[in-house]
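J.: pasted the sequence and its predicted model underneath.
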Amino acid sequence: MGFISSTSYHTLVTPHTFYGNLQYGSENREVLDVWIPVSGSTTGVLVHFHGGGFVALDKTGISLTNVESYLSNGIAVVTVNYPFVNTEVELIGYRKAFDSGVRAVKFLKFHATFFNLNKLKFVLRGSSAGTGIAQHIGYNTFAAGGGNTIDDEDADVIAIALQGPQAG
């Protein structure tokens, strides 16, 4: 199984557009990568939150085979980095990571037209710590505010897929 790295992006076969390291929040680690399949209509999207116990790993750990499979089936793929938790000094650090995940989804919905994404077809996937973020978003309601900012977007999704349990 091949994993994404800066040198392997070009090996994807399915025609697509790629946007790397897009800043979606004010924290340094709040960046995401987006792969969009070539399509005449809006596409659904899988948003992946990586594992690592809230203290390690990053968005490049997604399987290149998985990205190719989603793209070939007309599904966009997003991989998200979120702020790490300093477990020695932060009492609300986990909440910061959860809120960052919400911000990433709202960012994507706010820019859905640009990315050619269908706002009603968002699926979240997480592994390990990322499952906690995906569940936080999927099991809560973050209603739209009705304005014209990213914060005014909703973070509603149609499904969450948990790749591995969150332990802790």
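T.: Looks like it arrived, so ask away.
J.: which non-adjacent residue is nearest Y24?
T.: F107 (3.9 Å; CB to CB, 6 or more residues apart in numbering). (C-beta placed from N, C-alpha, C; glycine too.)
J.: by contact count, what packs against the helix or strand where the one you found lies?
T.: Assigning secondary structure by DSSP states H and E places F107 in helix 93-110. On a contact count with 3 or more CB pairs under 8 Å, 6 or more residues apart in numbering; DSSP states H and E, helix 93-110 meets strand 31-37, strand 43-49, strand 75-80, strand 117-127, helix 129-138.
J.: now those as a markdown table including mean neighbour count, mean pLDDT and distance to S69?
T.: As requested, the helices and strands packed on helix 93-110 are exported to a markdown table (neighbours: other CB atoms under 10 Å; pLDDT from 0 to 100; distance: least, CB to CB, whole Å):
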| stretch | mean neighbour count | mean pLDDT | distance to S69 |
| --- | --- | --- | --- |
| strand 31-37 | 21 | 97 | 11 |
| strand 43-49 | 25 | 98 | 10 |
| strand 75-80 | 26 | 98 | 9 |
| strand 117-127 | 20 | 97 | 13 |
| helix 129-138 | 24 | 94 | 19 |
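J.: low-confidence stretches in the protein?
T.: Screening the chain residue by residue with the criterion pLDDT under 70, one finds the ranges 1-10, 90-92, 166-168.
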